[in-house]
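Asker: Okay, predicted coordinates and the sequence, questions at the end:
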Amino acid sequence: MPERKYAQYVITEDIRPKQPPPAGFLKRLEDQRKAGNYTDSAHVLSLNDAVARGALYFDAVWMVAKHGEPPTNIEIAHSHDFDEILGFFGNYKGSARELGGEVEIWLEDEQYILNKSTIVFAPRGLSHGPISFRRIDSPILFFTSGNGTSYTRATGKED
């Protein structure tokens, strides 16, 4: 079969080059895990300029279960030099609008508690986060996408 002209634009495997997470990110997650407060998750796919030349960035993760009492913080407050979309989609027993859990997100100094499938738009420069999963009753698809060619932070440093 001849090679297809646009096959590089159909992504079915996680082929992104390994990029180290922001400094301190893994330590924060490990500290929460040691305290018995963590989430089970399964990375789905990513897209960025390194995968398909000129592509915007996209990342998707199934958040499967939450362990421990306090909310599990998966992201600190930060901003970007690009616009970002954050999505939280439920997979809850026959209702795509129900989140099947509860997520806390901050936009600047405003707290939002999500319990419905939600899209959050964070314009360039808007501080968003922390993002914390309070409860996961059924898997939640968490995705981020931005009109930058890779995920980078303009502000927000891990401890």
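Answerer: That came in fine, so what should we check first?
Asker: For the rest of this, base every contact and every neighbour count on C-alpha atoms.
Answerer: Will do.
Asker: got the residue ranges for the strands in this structure?
Answerer: Remark: strands assigned in the chain by DSSP state E are 38-47, 57-67, 72-75, 84-90, 98-107, 110-116, 118-122, 128-136, 140-146.
Asker: Out of those, which gets nearest to P21?
Answerer: Of all the strands of the chain, strand 72-75 sits nearest to P21, with 11.4 Å by Cα to Cα.
Asker: From the contact counts, what lies against the closest one?
Answerer: Secondary-structure packing of strand 72-75 (3 or more Cα pairs under 8 Å, 6 or more residues apart in numbering; DSSP states H and E): helix 25-34, strand 128-136.
Asker: Just say which of these is most tucked in.
Answerer: Ranked by average neighbour count under the criterion mean count of other Cα atoms under 10 Å, those are headed by strand 128-136 at a mean of 21.
Asker: Rounded mean pLDDT for it, please.
Answerer: Average pLDDT, strand 128-136: 96.
Asker: And it, how far out from the chain middle?
Answerer: 10 Å (Cα atoms, centre = their mean, to the nearest Å).
Asker: Can you spell out which helices and strands pack onto it?
Answerer: Looks like strand 128-136 contacts strand 57-67, strand 72-75, strand 98-107 (3+ Cα pairs under 8 Å, 6+ apart).
Asker: 6 Å instead?
Answerer: Contacts defined by 3 or more Cα pairs under 6 Å, 6 or more residues apart in numbering; DSSP states H and E place strand 128-136 against strand 72-75, strand 98-107.
Asker: rank those by mean pLDDT and give me the bottom one.
Answerer: Among the helices and strands packed on strand 128-136, strand 72-75 scores lowest, at a mean of 90.
Asker: picking that back up, can the strands of the chain go into CSV with extra columns for distance to R4?
Answerer: Below are the strands of the chain laid out as CSV (distance: least, Cα to Cα, whole Å):
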stretch, distance to R4
strand 38-47, 19
strand 57-67, 23
strand 72-75, 39
strand 84-90, 31
strand 98-107, 38
strand 110-116, 40
strand 118-122, 34
strand 128-136, 40
strand 140-146, 27
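Asker: Tell me which of those approaches R28 most closely.
Answerer: R28 lies closest, by Cα to Cα, to one member of those: strand 72-75, at 8.6 Å.
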